[in-house]
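Chemist: The sequence and its predicted three-dimensional model are supplied below.
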Amino acid sequence: MKRDPAPGRPAAATWTVRGRTLSLARPLIMGVVNVTPDSFSDGGRHSTLGAALAHALRLIEEGADILDIGGESTRPGAAEVSQTEEIDRVVPVIAALAGGGVPLSVDTSKPEVMRAALAAGAAIVNDVYALRTPGALEAVATSDCGVVLMHMQGVPRTMQVAPHYEDVVAEVAAFLRERVAVLGAAGVTPDRVALDPGFGFGKTVEHNFTLLRELPRLGALGCPVLAGLSRKSMLGAVTGRAVGERVTASVVGAVLAVERGARVLRVHDVGATRDGLRVWEAMQGEGETK
Ligand code: 7PM
């Protein structure tokens, strides 16, 4: 017997990225690959590339469905990275992994980085500025890539100083709805778009948990919802744990997001998240997640 999806849960959907239709019948895991010189090595090009590739391959082994490759930290107060430097970091990683069967996402806000990453084989642009940087919308519109539109209040350097909303869910939803309309007018159709509330980006702990609870209201906008809670300070706030000790909290957060309709999870701990999703999928039984 065919059952209706549970109330508040969207029916199985798809996400079209570069002509490829990703099924969201099961939630997808987007594994985070940071391509930044680490403080322990000499920070040379070669060691940075090698470390990023080794990490990417490990995430694929652990069950990543998508890899999100980023060359700039959006950490509050983090040093800005030039366009050239960001391209030099992410493009070799994308070029090496493209054609390997796992769709690649580039985590950037810079139009020239988007173009270079797409030319190297990236399938998705993940932009915490939701393509508001001049030229970003055009860079995406001249491709058939998928897009992640994330909400952020303010800018990374100061966004956590005093986040304020009258109604956080309504304001985040209105922003994302407006961005979907702007993209549509530029020729980027909604089947290419995933929406992200932007946990931790200009939000208090309470704002973040309200957004998690009310996530179905973002799903109602008609695009798949992507959630990025992995290791974030909202989890530290409720567990008292440091960033390196938030795996359990992250997996629980991911499963809660899926239960509230998220269909793509941006995570650092892919293997642990896979286990959590197996439990959630088993609960669904036969049918929409098989
Ligand atoms: C410091 C602060 C380091 C924040 C890293 C971060 C998201 C994202 C990031 C997200 C989407 C992190 C973040 N977070 N892209 N990029 N959604 N779409 O914790 O939540 O990884 S960077």
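Modeler: Everything's here; your move.

Chemist: rest of the way, CA atoms for contacts and neighbours
Modeler: Fine.

Chemist: wait, residue 93 sits on residue 55?
Modeler: No. If you go by Cα atoms under 8 Å, residue 93 and residue 55 don't touch, sitting 10.7 Å apart.

Chemist: List the buried residues for the one helix or strand in the chain whose mean pLDDT sits lowest?
Modeler: Lowest on mean pLDDT, DSSP states H and E among the helices and strands of the chain sits helix 45-61, with a mean of 95. Across helix 45-61, burial judged by 16 or more other Cα atoms under 10 Å covers 48, 49, 51, 52, 53, 55, 56, 59, 60.

Chemist: Direction included, what does the next helix or strand after it pair against?
Modeler: Moving toward the C-terminus from helix 45-61, the next helix or strand (DSSP states H and E) is strand 66-70. Paired strands of strand 66-70, with direction, are strand 28-34 (parallel), strand 104-107 (parallel) (DSSP bridges).

Chemist: Between the ones you listed, which one is closest to residue 82.
Modeler: Among the strands paired with strand 66-70, strand 104-107 comes nearest to residue 82, with 14.4 Å by Cα to Cα.

Chemist: which other residues reach the least confident helix or strand of the chain?
Modeler: 31, 33-38, 41, 67, 89, 92-93, 96-97, 102, 270-271 (Cα atoms under 8 Å, 6 or more residues apart in numbering).

Chemist: Return the members of those residues classed as buried.
Modeler: Applying 16+ other Cα under 10 Å to these flags 31, 33-37, 67, 89, 92-93, 97, 102, 270-271 as buried.

Chemist: Redo these as CSV? Include secondary structure.
Modeler: Shown next, in CSV, are those (DSSP: H, G, I helix; E, B strand; the rest coil):
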residue, secondary structure
31, strand
33, strand
34, strand
35, coil
36, coil
37, coil
67, strand
89, helix
92, helix
93, helix
97, helix
102, coil
270, helix
271, helix
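
Chemist: Let's have those in JSON lines, adding pLDDT and distance to residue 190.
Modeler: Converted to JSON lines, the buried ones among the contacts of helix 45-61 look like this (pLDDT from 0 to 100; distance: Cα to Cα, whole Å):
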{"residue": "31", "pLDDT": "98", "distance to residue 190": "23"}
{"residue": "33", "pLDDT": "97", "distance to residue 190": "26"}
{"residue": "34", "pLDDT": "95", "distance to residue 190": "28"}
{"residue": "35", "pLDDT": "95", "distance to residue 190": "29"}
{"residue": "36", "pLDDT": "90", "distance to residue 190": "32"}
{"residue": "37", "pLDDT": "87", "distance to residue 190": "36"}
{"residue": "67", "pLDDT": "98", "distance to residue 190": "21"}
{"residue": "89", "pLDDT": "96", "distance to residue 190": "30"}
{"residue": "92", "pLDDT": "98", "distance to residue 190": "30"}
{"residue": "93", "pLDDT": "98", "distance to residue 190": "28"}
{"residue": "97", "pLDDT": "98", "distance to residue 190": "27"}
{"residue": "102", "pLDDT": "98", "distance to residue 190": "22"}
{"residue": "270", "pLDDT": "98", "distance to residue 190": "27"}
{"residue": "271", "pLDDT": "98", "distance to residue 190": "30"}
